[in-house]
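# Sequence and predicted structure below; questions after.
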Amino acid sequence: MKYLSIAIPCYNSQDYMDKAIESCLILKDDVEIIIVDDGSKDRTAQIGDDYASLYPDTIKCIHQENGGHGQAVNTGLKNATGLYFKVLDSDDWFDQSSLVKVIETIKQLHQKDQDADMFIANYVYEKPSANKSSVIKYTNALPQNRTFRWYDLKHFYPQQNLLMHSVIYRTQLLRNCNLQLPKHTFYVDNLFVYQPLPYVNTLYYLNVDLYRYYIGREDQSVNEKVMISRIDQQIKVNKMMIDCCDVMKLKSRKLRNYMVKYLTMITTVSTVLLIKSGTPEHLQKKNELWQYLKNKNPELYKAVKHTFLGSMMEMDGHVGKKMITTGYAISRKLFGFN
């Protein structure tokens, strides 16, 4: 039985995908690695096929026409046979000792018929250009080494969002919520995490530094200039998050509050990028985004506006710009923009 399926979306990843794949090659009987070649034009496909030949019981290499990161994740999920599903970007990697602890915990709980809906582990921002790394932990916010529910959540600090790097979902849960990420769209990581949350009843947090998130490539999707150039895709994901569920009708107050906070952060990112671009077209899109939220879900709009970041985003004038700049600085810290 495969306890964990790891999907590695790859597009022209020949220079760094080996590190990602090799970091998964431990406890091979328990892990399934799904390399998804997203129509690459370099040696990515050949490298993936070579690994699949070397480890036929552990690695699959699937080739598809270019559909973007989201479609590659969809393909990985469609072909996953593991009990749990995790995405690893091709320029990132796992800490192997942490991966062993995660898999062993999954196995132990499964043997007791106590499968959690979602596992959470720490992640590490790796920024070699600045010779530094920073660990995002959840020790203050989540119970450790036991199954818990949303009502057990404590206070999250601003930098402690649950991102794709930190979550591992039960595979069937992702299928039950009909998760389907859009093609040719960046920033779908946020939708991947956000949409399934209302389906999660039980959680488990392991205080291990599993995911190593590389920051620094000039073409990276979280580079500020790149994000501004792709702002329509950011807005698209933002709107899909607004549409995917009626957050204000969720019974769990702590889950509701967390999802409002998460949506506020994403909308803050969209807003500050549109303002920093400064073109009349982008400033109009900023207003349209907030109007979209207000029209779609007035109650959710009020909840977002009631937050500290949300209250700053529609301010005008010098004070407004100063406050929005502050919001942007917070967003950079939380999401690791260059």
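Thanks, I have it.
# How about stretch 91-111, which residues are buried there?
91-95, 98-99, 101-103, 105-107, 109 (16 or more other CB atoms under 10 Å). Where you see a C-beta, it was placed from the backbone N, CA and C, and this is true even at glycine.
# Ok, stretch 17-35 next?
17, 20-21, 23-25, 27, 30-35.
# farthest pair in those?
Farthest pair in the buried residues of stretch 17-35 (CB to CB) is 17 and 30. Separation: 21.7 Å.
# ok, back up a step: is it possible to get a markdown table of the buried residues of stretch 91-111 that adds distance to residue 234 and secondary structure?
As requested, those are exported to a markdown table (distance: CB to CB, whole Å; DSSP: H, G, I helix; E, B strand; the rest coil):
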| residue | distance to residue 234 | secondary structure |
| --- | --- | --- |
| 91 | 20 | coil |
| 92 | 20 | coil |
| 93 | 26 | strand |
| 94 | 27 | strand |
| 95 | 30 | coil |
| 98 | 30 | helix |
| 99 | 31 | helix |
| 101 | 34 | helix |
| 102 | 30 | helix |
| 103 | 34 | helix |
| 105 | 35 | helix |
| 106 | 33 | helix |
| 107 | 38 | helix |
| 109 | 36 | helix |
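# of all the residues you listed, which comes closest to residue 202?
Distances from residue 202 to the buried residues of stretch 91-111, taken by CB to CB, are shortest for residue 109, at 9.7 Å.
# need the contact list for residue 304.
260, 263-264, 267, 293, 310 (CB atoms under 8 Å, 6 or more residues apart in numbering).
# Flag every buried residue along the helix or strand containing residue 258.
Under the criterion of DSSP states H and E, residue 258 resides in helix 253-277. For helix 253-277, burial by neighbour count (16+ other CB under 10 Å) applies to 255-277.
# Pull the number of nearby residues for residue 57.
8 (other CB atoms under 10 Å).
# Please report the distance of it from residue 33.
To residue 33, residue 57 is 11 Å away according to CB to CB, to the nearest Å.
# again, but for residue 8
In terms of CB to CB, residue 8 sits 7 Å off from residue 33.
# shared neighbours, the two?
Counting by CB under 8 Å, 6+ apart, the residues touching both residue 8 and residue 33 are 21, 24.
# Correct me if wrong: residue 297 contacts residue 248.
Yes: applying CB atoms under 8 Å, one finds residue 297 in contact with residue 248, separated by 6.8 Å.
# what lines up beside the longest strand seen in the chain in the sheet?
Looking across the chain with DSSP state E, the single longest strand is strand 203-214. Neighbouring strands of strand 203-214 in its sheet, by DSSP bridges, are strand 93-94 (antiparallel), strand 118-127 (parallel), strand 147-148 (antiparallel).
# CA atoms of the next helix or strand after the last one as CSV?
What that stands for is strand 147-148. Downstream of strand 147-148, the first helix or strand assigned by DSSP H and E is strand 167-170. C-alpha atoms of strand 167-170 as CSV (Å, rounded to 0.1, in the frame of the first residue of the first chain):
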residue,chain,number,x,y,z
VAL,A,167,-0.5,20.8,4.2
ILE,A,168,-1.0,17.1,3.2
TYR,A,169,-4.6,16.2,2.4
ARG,A,170,-6.3,12.8,2.4
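# In its sheet, which strands sit next to strand 167-170, and in what direction?
According to DSSP bridges, strand 167-170 has these partners: strand 84-87 (antiparallel), strand 118-127 (antiparallel).
# Can you get me a residue count around residue 178?
If we define neighbours as other CB under 10 Å, then residue 178 has 10 of them.
# All further residue positions should be reported with the first residue as 7.
Shifting the count to begin at 7 puts that one at residue 184.
# part of a strand, is it?
No: per DSSP: H, G, I helix; E, B strand; the rest coil, residue 184 lies outside any strand segment and is coil.
# do you know how far it is from residue 305?
Taking CB to CB, one finds residue 184 at 24 Å from residue 305.
# Low-confidence regions, the chain specifically.
136, 223-228, 320-344 (pLDDT under 70).
# one more time with 80, if that's ok
Counting by pLDDT under 80, the ranges of the chain that qualify are 134-138, 164, 222-230, 314-344.
# give me every residue that touches residue 149.
So residue 149 contacts 158, 211 (CB under 8 Å, 6+ apart).
# and it, that one's in a strand?
No: counting by three-state DSSP, residue 149 is not found in a strand; it is coil.
# Could I get the phi/psi values of it?
Backbone torsions for residue 149, taken as degrees, to the nearest 10, come to phi -60, psi 150.
# I'd like the distance from it to residue 108, if you could.
The value you get for residue 149 to residue 108, if CB to CB is used, is 17 Å.
# Over to residue 85?
As defined by CB to CB, residue 85 lies at a distance of 21 Å from residue 108.
# Check residue 157 too.
Distance from residue 157 to residue 108, by CB to CB: 24 Å.
# same check, this time on residue 290
45 Å.
# and what of residue 96?
With CB to CB as the criterion, residue 96 and residue 108 are 20 Å apart.
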